[in-house]
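*Asks:* Coordinates for the following, if possible.
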Amino acid sequence: MLTLHPAAPADHEALTAFLRGVDLTLSGLDSPSVRLWVERDADGAIAATTGFELSADGHDALIRSVAVRKDRRRAGAGSALARHAVERAAACGARRAWLFSRRSGPFWRKLGFGPADRRELARRLPDTYQVRLFTETGQLDREVAWCRPLP
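*Replies:* You can find the predicted model right below:
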């Protein structure tokens, strides 16, 4: 079972190192608009993360920073992390959850996500850090988008 805590400013350095180590986007990690949670192991090291950003109108959420340390994978932790972010986004009023993932399509499909148009994602979530970064750098054209409705 996961024990997630909201990421605090004091977590920024460790969170950045963890997400860099799993090759996830670092943009906006210190922004209050990026809602992040961390799980720490018995030694206090970050072992898992999850989070999201809402669109300006609150109708859409960009799920991001869902990661589990290698030694903790295959025990359902990733699914629990993703569900946590999706449930929190829905509780904030989001109607749709979106994300970028080039490597983990089968994982996201199991959680109800389907392929989506990356340009539609960018249109609905233009002010999120990840969309801005991907648009500015040209990376958006190489990304794979996923979406699912929220209850």
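
*Asks:* Tell me the helix or strand right after the top helix by length along the chain.
*Replies:* As far as residue count goes, and with DSSP state H defining each element, the longest helix of the chain is helix 77-91. Once the chain leaves helix 77-91, the next helix or strand it forms, by DSSP states H and E, is strand 96-100.

*Asks:* what's that following strand packed up against?
*Replies:* strand 60-68, helix 77-91, helix 118-124, strand 145-149 (3 or more CB pairs under 8 Å, 6 or more residues apart in numbering; DSSP states H and E). In this view, the C-beta of every residue, glycine as well, is placed from N, C-alpha and C.

*Asks:* Can you point out the buried residues in the shortest one?
*Replies:* Residues 145-148 are the ones in strand 145-149 that count as buried (16 or more other CB atoms under 10 Å).

*Asks:* Where does residue 56 sit: helix, strand or coil?
*Replies:* Residue 56 falls in the coil class when you classify it by DSSP: H, G, I helix; E, B strand; the rest coil.

*Asks:* Would you state the predicted confidence (pLDDT) at residue 73?
*Replies:* In the prediction, the pLDDT value recorded for residue 73 is 74.

*Asks:* Same check on the one 4 residues further on?
*Replies:* For residue 77, the pLDDT comes out at 89.
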